[in-house]
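**Q** below are the sequence and a predicted model for it; my questions follow.
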Amino acid sequence: MSTLEGKQAPDFTLAGSDGQTYSLRKLNGKVVVLYFYPKDDTPGCTKEACGFRDRNAAIADTGAVVLGVSRDGGDAHRTFQDKYKLPFVLLTDADAAVHRAYGAWGKKISYGKESEGVIRSTVIIGPTGQVLKHWPTIKNAEEHPAEVLAFLQTLLP
């Protein structure tokens with residue numbers, strides 16, 4: 001997929017693991033890290049989530065908010081959050097509409113087999129809703145949160 005950088009981020013309205021509803025409009029004025037991942041409590045997704053957890057305070061120091069997005073439901077999200085003490089909200093995109101809008105759904109090759117599904121990716125959305133940074137595919141889920149933090153720190157005055 002081509003990059004979303006410099007474009008207006010697609011709005012969304014999704015249920016959060018905390019029982020609240022989240023939309024980009026409600027987050028206006030904040031820097032948002034929106035990361036898309038395939039499934040709660042799987043090896044790569046757990047490494048990525050724990051990486052964001054471990055850097056959460058430093059990310060918050062930049063003024064950014066982290067939101068994870070998968071197709072899993074609220075119960076799975078809450079179990080995942082509790083098990084790994086994740087301090088950020090996980091959003092449910094059951095029909096993958098938001099995944100598609102952000103290029104996080106499509107054809108991929110895993111173990112030599114082509115399939116359609118979630119493409120692990122991340123966008124950083126600025127306070128006016130413009131995409132500041134887009135990683136259309138994440139190669140190393142464990143190291144990616146450090147890349148996100150490093151980018152966020154470049155935004156600081």
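**A** Yep, it's here. Note that this is a predicted model, so its numbers are computed, not measured. Numbering: from 1, shown residues only.
**Q** all contacts plus neighbour counts: C-alpha atoms, from now on.
**A** Noted.
**Q** tell me which helix or strand residue 49 sits in.
**A** Under the criterion of DSSP states H and E, residue 49 resides in helix 43-54.
**Q** downstream of that helix, the next helix or strand is which one?
**A** Scanning forward in sequence from helix 43-54 by DSSP H and E, the next helix or strand is helix 56-61.
**Q** and that following helix, what's buried?
**A** By 16 or more other Cα atoms under 10 Å, the buried positions in helix 56-61 come out as 56, 58, 59.
**Q** which other helices and strands does that helix contact?
**A** Counting by 3 or more Cα pairs under 8 Å, 6 or more residues apart in numbering; DSSP states H and E, the packing neighbours recorded for helix 56-61 are helix 144-154.
**Q** which residues touch the helix it packs on?
**A** 48, 51, 52, 55, 58, 59, 62, 64, 138 (Cα atoms under 8 Å, 6 or more residues apart in numbering).
**Q** ok, and what's touching the helix or strand bottoming out on mean pLDDT in the chain?
**A** Lowest mean confidence among the helices and strands of the chain (mean pLDDT, DSSP states H and E): strand 105-110, at a mean of 84. Strand 105-110 has contacts (Cα under 8 Å, 6+ apart) with 96, 99, 100, 114, 115, 116, 117, 118, 119.
**Q** could you list which of these belong to strands?
**A** Among those, the members found in strands (DSSP state E) are 114, 115, 116, 117, 118.
**Q** mind putting the residues you listed in a markdown table, pLDDT and distance to residue 89 included?
**A** As requested, the ones in strands among the contacts of strand 105-110 are exported to a markdown table (pLDDT from 0 to 100; distance: Cα to Cα, whole Å):
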| residue | pLDDT | distance to residue 89 |
| --- | --- | --- |
| 114 | 88 | 31 |
| 115 | 88 | 28 |
| 116 | 92 | 26 |
| 117 | 93 | 22 |
| 118 | 95 | 19 |
